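Peer 1: need the 3D shape of this:
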Amino acid sequence: MIRRINTSFLTLLFAALLFLPVVVAGQLPSSTPRQEKLLNGLKVQMWNSPGDPKVSVRLRIHSGAAFDPQGKEGVMQLLADSFFPTADARSFFSEELGGSLEVATNYDYIQINVEARSSELVALLETLAQAVINPTIDKETVNGLKKLLAERVDTAEKSASYVADRAVAKRLFGTFPYGRPNLGDSASIQEIDFADLVFAKGRLLTADNATLSIAGGLDTALAFRAVRRYFGTWQKSDRRIPATFRQPDPPPTETAVIDLSFANQSEFRAASRGVARNDTDFFAADMLRRILNDRIKARYGPDSFVRFEPHILPGSFVIGISGTHPAPAESAAGHSGRFGEMISGPISEAEFVRARKETLDALRANAIDLWLDLDTFRLAAAKTEYERAQGVKIADLQRLMEKLKSQPAAYVHVRKKEGGETADSEIVQE
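Peer 2: Numbering: from 1, shown residues only. Next comes the predicted model:
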């Protein structure tokens with residue numbers, strides 16, 4: 001009797017082990033899309049989901065605000081804004097195609113996300129191609145976009161949180177691109193001329209510097225014919241512009257204190273250098289950020305956070321502590337020079353398991369963006385990325401934490417100025 005039970009158990013176990021690879025394969029970020037490439041270098045990825053009434057298209061330009069000329073920050077943001085410069089152009093996707101439009105710009109890329117009814121895919125591709133290949137770049141249009149961007153920046157600069165974020169980035173990176181505002185500021189925006197956008201367009205807005213993904217209920221053959229028809233005339237660049245910049249110097253470790261007359265709460269930031277998106281420690285850093293974020297919230301309150309900002313080149317880890325009154329940040333300011341103390345402590349197995357699950361879930365949920373990341377960040381393959389994430393060990397997180405603790409960090413404290421005008425930053429030696 002015992003022998004029969006053991007035999008049955010072993011048989012079931014063996015069957016389960018045989019079935020395991022199938023389960024794991026089903027957990028990959030996405031099935032491999034149909035991949036094509038136009039003669040002009042534009043890469044195309046297509047996923048067909050039969051029966052889906054919607055289709056989504058993402059066009060990513062693999063150059064972002066890191067390429068803004070120094071003193072003219074905001075060029076790439078304005079270039080992105082020029083694709084759909086009017087309210088009518090932006091509302092076309094919702095009113096005529098039954099979908100939506102979003103244009104996102106960061107240091108690494110410009111990405112246009114559009115959605116429409118599946119039956120409107122050809123019209124969507126035609127509209128998108130016209131907007132990107134021939135954006136409206138003239139003095140009148142650019143001046144109007146500059147005004148709108150300046151208003152957006154002016155609103156942002158009235159936020160103590162935004163001021164703190166920008167100040168700690170500048171302190172950590174200096175004039176390195178990640179230390180400069182990707183939106184620009186009031187001075188840099190005024191320096192931008194429409195000729196700067198024309199130059200950026202010719203240099204960076206090219207077919208071989210872009211990837212197009214199409215997903216939803218679609219006929220892939222029809223979709224690719226439409227892509228060739230509407231995007232086939234897009235110009236190819238003469239050469240690829242690499243994202244190479246001189247690495248920033250170590251940051252000063254004294255706390256920069258900024259008094260703002262309009263601040264409604266105190267903001268503290270501590271930042272240290274992180275890793276690049278294609279670094280072998282990227283997924284370990286993502287998991288570590290999730291663990292540290294939970295710890296900082298538990299220690300300093302729900303408005304506090306830990307942010308990991310990876311880029312094409314090494315980015316940053318940022319600790320943020322916010323408060324509706326000065327007490328939390330005043331207390332945190334005492335940690336200046338002791339970044340390591342704020343993140344120290346052994347990582348428990350429970351913390352690691354939870355963070356690992358969250359990272360893997362996010363990787364699966366953002367499968368299409370992962371495929372776009374392959375080109376932006378020069379990654380090997382989607383399957384390889386998933387395997388890298390699965391292979392992270394708790395020791396990798398602990399090792400990365402020790403590295404962060406040993407690095408110099410930048411500190412900024414934004415507080416409310418009582419009466420008078422907003423003061424310049426003052427450096428407080430701890």
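Peer 1: who's in contact with the residue most central in space within the chain?
Peer 2: The residue lying closest to the centre of the chain (Cα atoms, centre = their mean) is Asn106, at 6.5 Å. Neighbouring residues of Asn106 by Cβ atoms under 8 Å, 6 or more residues apart in numbering: 64-65, 182. Placement of C-beta: from N, CA and C, glycine included.
Peer 1: and of the residues you listed, the nearest to Gly202?
Peer 2: Gly64 (16.8 Å; Cβ to Cβ).
Peer 1: correct me if wrong: that closest one contacts Gln111.
Peer 2: No. Between Gly64 and Gln111 there is no contact under Cβ atoms under 8 Å: 9.1 Å.
Peer 1: now list whatever residues contact both of those two.
Peer 2: Thr105.
Peer 1: looking at the two, which has the bigger crowd around it?
Peer 2: Set Gly64 next to Gln111 and count neighbours by other Cβ atoms under 10 Å: Gly64 wins out with 26 against 23.
Peer 1: low pLDDT regions in the stretch 1-150 of the chain?
Peer 2: 1-30 (pLDDT under 70).
Peer 1: which parts of it are helices?
Peer 2: 2-26, 75-81, 87-95, 121-133, 139-156 (DSSP state H, counting those that start in this stretch).
Peer 1: tell me the buried residues in the last one?
Peer 2: Buried residues in helix 139-156, counted by 16 or more other Cβ atoms under 10 Å: 141-142, 145-146, 149-150, 153, 156.
Peer 1: ditto for the shortest one
Peer 2: When burial is assessed from 16+ other Cβ under 10 Å, helix 75-81 yields the following buried residues: 75-81.
Peer 1: so which of those residues comes closest to Glu267?
Peer 2: Gln77 (23.8 Å).
Peer 1: what separates the closest one from Thr206, distance-wise?
Peer 2: Distance of Gln77 to Thr206, given as Cβ to Cβ, to the nearest Å: 19 Å.
Peer 1: now do Glu191
Peer 2: With distances taken as Cβ to Cβ, Glu191 is found 25 Å from Thr206.
Peer 1: compare these two (neighbour count), which wins?
Peer 2: A direct count of neighbours by other Cβ under 10 Å for Glu191 and Thr206 places Thr206 higher, at 24 against 15.
Peer 1: contacting residues around the more buried one?
Peer 2: The contact partners of Thr206, taken as Cβ under 8 Å, 6+ apart, are 41, 234-237.
Peer 1: quick check on those: which are buried?
Peer 2: Of those, these count as buried by 16+ other Cβ under 10 Å: 41, 234, 237.
Peer 1: for the last one, give me its contacts.
Peer 2: When contacts are counted by Cβ under 8 Å, 6+ apart, Ser237 is found next to 41, 203-204, 206-209.
Peer 1: what about these, which are in helices?
Peer 2: Among these, the residues falling in helices (DSSP state H) are 203-204.
Peer 1: turn the buried ones among the contacts of Ser237 into a named ChimeraX selection, would you?
Peer 2: Applied in ChimeraX, the following selects the buried portion of the contacts of Ser237 according to 16+ other Cβ under 10 Å:
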select :41,204,206,207,208,209
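Peer 1: let's have the contacts of Ser237 in TSV, adding distance to Ser344.
Peer 2: Formatted as TSV, the contacts of Ser237 follow (distance: Cβ to Cβ, whole Å):
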residue	distance to Ser344
Gly41	48
Arg203	45
Leu204	42
Thr206	47
Ala207	49
Asp208	46
Asn209	42
